[in-house]
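A.B. asks: need a structure here:
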Amino acid sequence: MLKRFMWTMLAALILTGVPAVGQPEQAEATTSVRHGAAVLATQYHGRPYRMGANGPRAFDCSGLVRFAYRRHGLSLPRTANAMYHSRKLRNIARGKARRDDVVFWVSGGNAYHVGLYLGGNRIIHTGDSRGVRVVKIWGHPTFKRPRALR
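C.D. replies: Model prediction:
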């Protein structure tokens, strides 16, 4: 319990001081979602990975993203690939990425992994025995933003 509290506090401190990639964040009418999904996901740091899990006791990659956004009133499809092809998300350039954007790893036009962008070239995701965790972005992912967030 103390460990989860410490991770939550650390994430909150980091997230409040980390500027977005490219340019400073702008205030928006949707601030309840922006700055919300990623912070919520960090509260589940260390939770185990389990294929097909939707939380809150365990997650898979898309389950974590879906859980975090659903808690803020935005329903996303269940799988990483369905999210990637959803009309609820729009492509954005990596340089315009902001906290709470959705990050996909794609091969052959199909997404095989997804996470939430935290800022500072970091995401929160899960996908193996290490469970939910914060890592630096690797490779060349695709960034998308819910259309509800301008």
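A.B. asks: touching the particular helix or strand that has residue 81 in it from outside, list them.
C.D. replies: When elements are defined using DSSP states H and E, residue 81 is found to belong to helix 80-85. Under the criterion C-beta atoms under 8 Å, 6 or more residues apart in numbering, residues 61-62, 65-66, 76-77, 89, 102, 104, 106, 110-114, 142, 144 lie in contact with helix 80-85. The C-beta positions use only the backbone N, C-alpha and C, and glycine is treated the same way.
A.B. asks: where in the protein is the helix or strand with the lowest mean pLDDT?
C.D. replies: Comparing every helix and strand of the chain by mean pLDDT, DSSP states H and E singles out helix 2-17 as the least confident one, with a mean of 49.
A.B. asks: beyond it, next helix or strand please.
C.D. replies: helix 37-42.
A.B. asks: the helix or strand that comes right after that next one packs against which elements?
C.D. replies: Scanning forward in sequence from helix 37-42 by DSSP H and E, the next helix or strand is helix 61-70. The elements that helix 61-70 packs onto, with contact taken as 3 or more C-beta pairs under 8 Å, 6 or more residues apart in numbering; DSSP states H and E, are helix 37-42, helix 80-85, strand 110-119, strand 122-125.
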